[in-house]
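Participant: Take a look and give me a structure for this.
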Amino acid sequence: MTIEIYTDGACKGNPGPGGWGVLLRCNGIEKMLKGAVSLTTNNRMELTAAIMGLTALKRACTVALYTDSQYVRQGMTEWLADWKKNGWRNAKKKPIKNIDLWQQLDALASRHQIDWHWVKGHSGHPENDLVDALANQAVEELLKE
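Facilitator: Coordinates of the predicted model:
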């Protein structure tokens with residue numbers, strides 16, 4: 001059984017107020033999550049969405065995670081091993097950005113079998129459109145407080 005997780009982040013200004021949205025789906029049952037932060041970046045919200053989706057899982061799972069962020073997908077599938085080998089530094093020997101979130105995502109991902117999928121954002125993909133709307137709704141709710 002595979003859990004589908006769709007994630008997205010949004011930011012009003014970069015940096016600025018931001019939000020994240022998640023859809024979890026398993027055997028026809030869906031759960032939606034969202035949240036917002038008053039000062040953040042788009043990349044931090046994309047990472048946070050993936051973190052929150054994986055945090056919602058109560059046991060080790062097979063996961064298909066869908067993101068419209070190449071930053072998140074490539075980070076997890078291409079760059080992570082080298083970052084860890086190099087002491088969380090990039091190819092230019094500089095500390096990677098958002099290290100706190102990358103380390104959290106790495107720890108969560110290690111508990112699961114995850115296939116990381118990229119979907120084109122704002123292209124009519126129903127689940128991506130839904131999590132985008134959740135992320136933006138979270139920002140709007142934050143701004144009304």
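Participant: hey, let's count contacts and neighbours off CA atoms from now on
Facilitator: Noted.
Participant: Flag every buried residue along stretch 35-45.
Facilitator: 35, 36, 37, 40, 41, 42, 43, 44, 45 (16 or more other C-alpha atoms under 10 Å).
Participant: Among those, which lie within strands?
Facilitator: Members of these lying in strands (criterion: DSSP state E): 35, 36, 37, 40.
Participant: how about the nearest residue to the spatially most central residue of the chain, chain neighbours excluded?
Facilitator: In the chain, the centroid-proximal residue (C-alpha atoms, centre = their mean) is residue 50; its distance is 2.7 Å. Closest residue to residue 50 apart from its sequence neighbours, by C-alpha to C-alpha, 6 or more residues apart in numbering: residue 7 at 5.9 Å.
Participant: Hmm, residue 45 and the one you found touching each other?
Facilitator: No - checked against C-alpha atoms under 8 Å, the pair residue 7 and residue 45 is beyond contact range at 9.6 Å.
Participant: which residues do the two both contact?
Facilitator: Common contact partners of residue 7 and residue 45 (C-alpha atoms under 8 Å, 6 or more residues apart in numbering): residue 20.
Participant: State the distance spanning the first to the last residue of stretch 10-23.
Facilitator: Using C-alpha to C-alpha, to the nearest Å, the span of stretch 10-23 from its first residue to its last is 15 Å.
Participant: Distance from the chain centre to that stretch, please.
Facilitator: Offset of stretch 10-23 from its chain centre (C-alpha atoms, centre = their mean, to the nearest Å): 11 Å.
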